[in-house]
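Asks: have a look at this prediction, sequence included:
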Amino acid sequence: WMYVYHVLIDAAVWSGSWPRGIALVEETVEEGLPLSYEKHARLLRDARAHIRAMALVEHDKSQSAATQAVDEESHLFKAKEEWQQRLPLVAPAGTQMFAQVPRLELLERTRSYAGSQEDDSSTEAIAMVPPHVFCASIDPIWLADESSSSSSSSSSETGTSSLFERCLTAAPVSSHDAYLTVRNYHHATVHRRALINLQVEPHTIVVCRNAQESLESLRQLFEAFGYPGQQRSPTFIFMRPSACDLDALLTLLAAGSAYPGSVFLLRSDTDATCLQGLTEACRSRANNPLSFCLISLLASLPAAIILNSEVLLCNGQDVQSATPEEFEIGLRKALKLAWSTATLDSEIDDYPVGIDDNTIGKDGSMESALWKEWLKKQELQKLVRCEQGVTRLDGSMPRPALSEAEMFVARAREHHVRIELWTEEDQ
């Protein structure tokens, strides 16, 4: 019954029924069932005074708990009065908080806001919780729609390495393991920023994949280069996680949570076909909520990674025709921050200005000269961009290199990073 009440309380908070959540908390305390005092502290503050005192006594189990409860009530009363006096200065009159908005109205506001892209003061006042963050805060046993026996057996081995092995070998991945993978990956990588600065030791290989992965392709990849976590295994960077099938994506998330220092996933193109396929795969397993968690997690992945402060790896749009200006504008939007670079002090709207004749390629390609100038201002040696199976490398070469191979390799040397790209001639 304790777990039932806790689930009902979480459901009430998530659906925006704050009064219902308070009533459930009060009923839980009156029934003598324990609360998570830290988790339900905010709800307890809005409960009745004797409920708060009973919860505190049950939590502390000490003789001084009653006296401490009285002191806390006095402190909360003074804090409430002070907050009520300051409230008009903090929030405009009539502003609705998240817990006061019905779920259907909240979803309708979100759809209209996403469709119109117009500023809406009522929408801006609501703090949305990403589905994968909400999933990461709940025990996977509560989310998995499986029998208690299968859930308990799956939860017996919750180690990240064992979870990676199960996802790689057992298909389809169970519902419990799927939610556990989302939770583990979120907690293992929540500290990462949108731009990863990765320092690679000399003589280290970085394998970058630009393919629609499946379990079979992942097994072949790891068999050829070594499994993550093994000695002398390379670092793996997956450029298109959103294009993977469901089991392969869960396997990559499990690998990234088990070995966060050697497996990286980058935010890839939001291809509607790929996302629709991911949604249909979840629906076919009667697990539609998992699709919301995965799509939310994919949207929160880092946008780019820099190897040894020399090579920038990222996904892009129109990699064969985009100008440096267009690429930088798109990158700034992806990173969601003001990336302070030397370009801010240059003529960003007119790249040919200030370019010497010596920087122009021997074949007269102005495009190559523009990218060389851009890399020089960013203090980078190379730029690798991927777009739906196409990889482009810009650097000191007379002209950019294009490849449709499923992978490319970066090899760290003593003083530079070498990029190996397989072109049509090499293939």
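Replies: Yep, it's here. Numbering: from 1, shown residues only.
Asks: how much space separates the spatially closest residue to residue 268 that is not a sequence neighbour from residue 213?
Replies: Nearest non-adjacent residue to residue 268, counting by C-beta to C-beta, 6 or more residues apart in numbering: residue 240, 4.3 Å away. Every residue, glycine included, has its C-beta placed from N, CA and C. Residue 240 is 8 Å from residue 213, where distance means C-beta to C-beta, to the nearest Å.
Asks: over to residue 235?
Replies: 16 Å.
Asks: centre-most residue in this structure?
Replies: Centroid-nearest residue in the chain: residue 300, 3.1 Å away (criterion: C-alpha atoms, centre = their mean).
Asks: that one: what's it in contact with?
Replies: 130, 132, 267 (C-beta atoms under 8 Å, 6 or more residues apart in numbering).
Asks: for the first one, what are its contacts?
Replies: Applying C-beta under 8 Å, 6+ apart to residue 130 gives the contacts 296, 300.
Asks: could you point out the helix or strand that follows the lowest-mean-pLDDT helix or strand in the chain?
Replies: For the chain, counting by mean pLDDT, DSSP states H and E, helix 148-154 ranks last in confidence among helices and strands (a mean of 40). Note on helix 148-154: by DSSP states H and E, the next helix or strand toward the C-terminus is helix 160-169.
Asks: can I get that next one in PDB, CA atoms only?
Replies: Output of helix 160-169 as PDB, limited to C-alpha atoms (Å, rounded to 0.1, in the frame of the first residue of the first chain):
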ATOM      1  CA  THR A 160      25.400  -0.900 -16.000                       C
ATOM      2  CA  SER A 161      27.800  -3.400 -17.500                       C
ATOM      3  CA  SER A 162      25.400  -6.300 -17.100                       C
ATOM      4  CA  LEU A 163      22.600  -4.100 -18.600                       C
ATOM      5  CA  PHE A 164      24.700  -3.400 -21.600                       C
ATOM      6  CA  GLU A 165      25.300  -7.100 -22.100                       C
ATOM      7  CA  ARG A 166      21.600  -7.900 -21.900                       C
ATOM      8  CA  CYS A 167      20.700  -5.200 -24.400                       C
ATOM      9  CA  LEU A 168      23.300  -6.400 -26.800                       C
ATOM     10  CA  THR A 169      22.500 -10.000 -26.700                       C
END
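Asks: quick one: the helix or strand just after that helix to helix 160-169, angle?
Replies: Toward the C-terminus, helix 160-169 is succeeded by helix 175-189 as the next helix or strand (DSSP H and E). Per axes from the mean of the first three to the mean of the last three C-alpha atoms, to 10 degrees, the angle that helix 175-189 makes with helix 160-169 is 130 degrees.
Asks: what helices or strands is helix 175-189 leaning on?
Replies: helix 131-136, helix 140-143, helix 148-154, helix 160-169, helix 246-258, helix 288-299 (3 or more C-beta pairs under 8 Å, 6 or more residues apart in numbering; DSSP states H and E).
Asks: quick one: contacts for residue 313?
Replies: 208, 237, 239, 266, 304-307, 384, 410 are the contacts of residue 313 under C-beta under 8 Å, 6+ apart.
Asks: tell me which element it falls in.
Replies: Going by DSSP H and E, residue 313 is in strand 311-315.
Asks: okay, now the sheet partners of that strand, with direction.
Replies: Sheet pairing of strand 311-315 (DSSP bridges) gives strand 304-307 (antiparallel), strand 382-387 (parallel).
Asks: comparing the helices and strands packed on helix 175-189, which yields the minimum mean pLDDT?
Replies: Out of the helices and strands packed on helix 175-189, helix 148-154 stands lowest, with a mean of 40 (criterion: mean pLDDT).
Asks: rewinding a little: and the strand holding residue 313, how far from the chain's centre?
Replies: 18 Å (C-alpha atoms, centre = their mean, to the nearest Å).
Asks: average model confidence for it?
Replies: Here the average pLDDT along strand 311-315 is 93.
Asks: got the CA coordinates for it in PDB?
Replies: In PDB, the C-alpha atoms belonging to strand 311-315 read as follows (Å, rounded to 0.1, in the frame of the first residue of the first chain):
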ATOM      1  CA  VAL A 311      39.000  18.700 -34.500                       C
ATOM      2  CA  LEU A 312      35.300  19.600 -34.300                       C
ATOM      3  CA  LEU A 313      32.800  16.800 -34.900                       C
ATOM      4  CA  CYS A 314      29.200  17.500 -35.300                       C
ATOM      5  CA  ASN A 315      26.100  17.000 -37.500                       C
END
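Asks: related to what we said a few turns ago, what does the residue nearest to the centre of the chain show for phi and psi?
Replies: Backbone torsions of residue 300, given as degrees, to the nearest 10, read phi -100, psi 0.
Asks: distance-wise, check it relative to residue 281.
Replies: 20 Å.
Asks: please apply the same query to residue 302.
Replies: From residue 302 to residue 281 the distance is 24 Å (C-beta to C-beta).
Asks: so, low pLDDT: which residues of the stretch 151-300 of the chain?
Replies: Along the stretch 151-300 of the chain, segments meeting pLDDT under 70 span 151-158, 269-271.
Asks: run the last query once more with 80
Replies: Low-confidence segments of the stretch 151-300 of the chain, defined by pLDDT under 80: 151-159, 170-171, 269-273.
Asks: can you report how many residues lie near the nearest residue to residue 172 once chain neighbours are set aside?
Replies: Take residue 172 and drop its neighbours on the chain: the residue closest to it by C-beta to C-beta, 6+ apart is residue 247, 6.0 Å away. By other C-beta atoms under 10 Å, the residues close to residue 247 number 20.
Asks: what about the strands in the chain?
Replies: For the chain, strands defined by DSSP state E occupy the ranges 195-198, 205-209, 235-238, 263-265, 304-307, 311-315, 382-387, 390-394, 401-403, 407-412, 417-420.
Asks: which residues does the third one contact?
Replies: Counting by C-beta under 8 Å, 6+ apart, strand 235-238 makes contact with 198, 200, 204-209, 213, 221, 225, 228, 244, 252, 255, 262-266, 305, 313, all of which sit outside it.
Asks: next one: that strand to chain centre, how far?
Replies: On C-alpha atoms, centre = their mean, the centre of strand 235-238 falls 16 Å from the chain's centre.
Asks: before we move on, what about the first one?
Replies: Centroid separation for strand 195-198 versus its chain: 15 Å, with C-alpha atoms, centre = their mean.
Asks: from the contact counts, what lies against it?
Replies: Counting contacts by 3+ C-beta pairs under 8 Å, 6+ apart, strand 195-198 is packed against strand 304-307.
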